[in-house]
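>>> 3D, please:
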Amino acid sequence: MIHFGVVSPFVLLIVLMASPMLGILFAAIFAQSARIPSSLRSLAWLPAAIGAGAALISAWLLRGQPAWEAIVGNWSPVSFTGLPLALTGFVPTTAVLIAWTTLYFLDSLKLPDADPFQRHPVASALLIASLTIVALGNNLITLLVGLGLTDLLSAYLALRRQANERNTLIGLTLNGVSIALLTLVVAVHAAGGNSLYLPMTRLTPSVAPALALAIALRLGFAPFRTSADVWGDMRTTASAVGGLLLLIRLPTLGIVQLPAWFYGLALVSALLTLAIATLQAEEDAAASIPFVRTAGVYLAALSATPADVGVTAAAVIAWLIGSTLIAQTNTLQAESVLVERGRRAIRVVGALGLIGLPLTVGFIGQAGVVATWANRGPTGWLMILAWIASLALLVHLTLHIVFDTTRHEQQKHLAFEPTARLGQFALREVIGWLAATTPIVIFGVAPDLLGAGTLIEVVGRNGIVGWLGWMIAIAVGALLWRLSPRWRPFTRGIRDHAIAVLDLGWLHSLLEGATARLRRPFGSVFTFLESEGALLWAIIVALLVVLISRPGGP
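Okay, here's the model as predicted:
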């Protein structure tokens, strides 16, 4: 069922949600069919890339559509909740979908020639559909359904990629608690006779702490996270993207200010993660990338401070694409100095977007954050200092990753062959680079496409304090990077002990021990209740209930 007589958005939705899955299926058939000559099987990546490209183009076109609404599920949710699964256009979250489909497109271009089904499971394609439900949901029930599907698919992919099973299950449990909190908020809101239809939904400020806790659980703030690099693999971060999509929605639902502890936890989490990465960066710059990605989630959550949906969307896009581009290295077998220089240029673009250089989407994601804190007294100024320290460490690490000397030494051993082994490999990389840099540049130059206002308004919103804090952080981070050969020898003696403290493993051990001790008496009680005398106790309790409930008492 389509409302407002709009057909094209519905067609775009179908392409966005279905084409990635169809592309993977056709790629698998292409690679495994005995009728296709072996000389053509090297093009098995092409159907998957076409499907991913169709989804990316659909997301861009969907962003520019006028007001529309579509019903995608008019079945059991209606009988259970009274509401169908409805989607509608929302510019900021649609832009985040563009960023996610861009990453999927990049991943599809890296598809090997053989066994694409194994390399690119259908679950990865289904994540686009589940995140679309979260991003474009038009009622609270649709948001909850989309988050649940996203969590299940993310957990499946994490286990499939041989991630730590214990951490994956703990993360799934935390996401379940998050959804339970959100469900409780929705139930209380509906019980008061309020509408669940998002354009008419206005939540009371009293539910802000519950929403903040639900999002903090989903984003893996300390101490809830399972590891310091919990979001290190961009291919299994859909749960975090779901939490950030919910964060973008809050101002439209009437929640314009979250508790200060939410931002405090985000800053502490970012500082701990970046400090660990800084201590480990001496041995291998590439080992810092997962920590930078994880810290990027925490810093993106700070963009909710000005309660501007466009600013938060910009920060999410900068994290998604920027932290992916800084890791571009040896993704395709094209051993050429020309290609390696292109990869370094792309890493520079990703770093600039991640740290928020003006005219990039990262700058839009930081606009107004520091200026808002400056008006909140001493607590706000403490947050400003923590933010400056976090951004300085982020700058130091991104510079270390982008200009890694080990990569430079490896480049010397590559022969300068501008035509050797380029062909389709280099072409695929160039197409991916163009697709990935487009959101960073376009949304950075034209923030009104995100709903964040004009570029002049964004510059003014940043304020003097914001500009000063940003410049101090950039200068300190660059200085740390230049002086790192001098101060790193002094950290070698304490590095292992410091990392052991900063990763909060000791806190998790304490919590596990306390849980085990609390579980023992309950285990004894349940063992007693499950014994042969359990029936007798049940009869006694039933008799007491009957006696007490009789009129006039026992």
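
>>> For the host helix or strand of residue 180, name the packing helices and strands.
If you go by DSSP states H and E, residue 180 is part of helix 165-191. With contacts taken as 3 or more C-beta pairs under 8 Å, 6 or more residues apart in numbering; DSSP states H and E, helix 165-191 sits against helix 140-160, helix 208-219, helix 238-249. C-beta coordinates here come from the backbone N, C-alpha and C atoms, glycine included.

>>> which other helices and strands contact the second one?
So that's helix 208-219. Applying 3+ C-beta pairs under 8 Å, 6+ apart, one finds that helix 208-219 contacts helix 165-191, helix 238-249, helix 260-280, helix 289-301.

>>> Identify whichever of those lies nearest to residue 390.
Residue 390 lies closest to helix 260-280 among the helices and strands packed on helix 208-219, at 4.5 Å (C-beta to C-beta).

>>> Do me a favour and average the pLDDT over that closest one.
Per-residue pLDDT values across helix 260-280 average out to 91.

>>> for it, packing partners?
When contacts are defined as 3+ C-beta pairs under 8 Å, 6+ apart, helix 260-280 packs onto helix 208-219, helix 289-301, helix 377-402, helix 495-502.

>>> ok, now with 6 Å
helix 289-301, helix 377-402, helix 495-502 (3 or more C-beta pairs under 6 Å, 6 or more residues apart in numbering; DSSP states H and E).

>>> now those helices in a markdown table, with distance to residue 314?
As requested, these are exported to a markdown table (distance: least, C-beta to C-beta, whole Å):
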| stretch | distance to residue 314 |
| --- | --- |
| helix 289-301 | 9 |
| helix 377-402 | 16 |
| helix 495-502 | 29 |
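
>>> Nearest to residue 469, out of these?
helix 377-402 (5.3 Å).

>>> okay, the angle between the closest one and helix 260-280?
Orientation note: helix 377-402 sits at an angle of 30 degrees relative to helix 260-280 (axes from the mean of the first three to the mean of the last three C-alpha atoms, to 10 degrees).

>>> Please identify the buried residues of helix 377-402?
Of all the residues in helix 377-402, those buried under the rule 16 or more other C-beta atoms under 10 Å are 380, 383-384, 386-402.

>>> what about residue 47, how many neighbours?
Using other C-beta atoms under 10 Å, the number of residues around residue 47 comes to 22.

>>> For my notes, confirm residue 86 occurs in a strand.
Yes - with DSSP: H, G, I helix; E, B strand; the rest coil as the criterion, residue 86 is part of a strand.

>>> Does it touch residue 140 like I think?
No - with contact defined as C-beta atoms under 6 Å, residue 86 does not count as touching residue 140 (10.7 Å).

>>> hmm, back to that, with distance to residue 44 added, can I get the helices and strands packed on helix 208-219 in TSV?
TSV is the format used below for these (distance: least, C-beta to C-beta, whole Å):
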stretch	distance to residue 44
helix 165-191	30
helix 238-249	25
helix 260-280	37
helix 289-301	29
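
>>> Which parts of the stretch 301-450 of the chain are helices?
For the stretch 301-450 of the chain, the helices defined by DSSP state H, counting those that start in this stretch cover 309-325, 337-355, 361-366, 369-374, 377-402, 405-412, 423-445.

>>> Go through the helices and strands packed on helix 208-219 and name the closest to residue 110.
Closest to residue 110 of the helices and strands packed on helix 208-219, according to C-beta to C-beta: helix 289-301, at 16.2 Å.

>>> Mind giving me the packing neighbours of the closest one?
Secondary-structure packing of helix 289-301 (3+ C-beta pairs under 6 Å, 6+ apart): helix 260-280, helix 309-325.

>>> sorry, back to before: weakest of the helices of the stretch 301-450 of the chain by average pLDDT?
Mean pLDDT per stretch puts helix 405-412 lowest among these, at a mean of 49.

>>> Might you list the low-confidence residue ranges for this protein?
Where the chain drops to pLDDT under 70, the residues are 1-7, 31, 33-42, 73-82, 111-120, 281-283, 329-338, 405-425, 485, 487-554.

>>> tell me the domain ranges of it?
Taking automatic domain parsing as the reference, the chain has its domains at 1-138, 171-256, 259-503, 505-554.

>>> so can I have a markdown table of these showing distance to residue 148?
As requested, these are exported to a markdown table (distance: least, C-beta to C-beta, whole Å):
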| stretch | distance to residue 148 |
| --- | --- |
| domain 1-138 | 9 |
| domain 171-256 | 6 |
| domain 259-503 | 20 |
| domain 505-554 | 26 |
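
>>> Out of those, which is closest to residue 151?
For those, the distance to residue 151 is smallest for domain 171-256, at 4.3 Å, taking C-beta to C-beta.

>>> Relative to the whole chain's centre, how far out is that closest one?
13 Å (C-alpha atoms, centre = their mean, to the nearest Å).

>>> if we can go back for a sec, nearest to residue 209, out of the helices and strands packed on helix 208-219?
Among the helices and strands packed on helix 208-219, helix 260-280 comes nearest to residue 209, with 8.5 Å by C-beta to C-beta.

>>> Give me the contact list for that closest one.
Contact with helix 260-280 is made by 212, 216, 221-222, 228, 287-288, 291, 294-295, 298-299, 301-302, 379, 383, 386, 390, 393, 397, 495, 498-499, 502-503, as judged by C-beta atoms under 6 Å, 6 or more residues apart in numbering.

>>> just to revisit the earlier point, which one of the domains of the chain lies nearest to residue 163?
Nearest to residue 163, of the domains of the chain and by C-beta to C-beta, is domain 171-256 at 6.9 Å.
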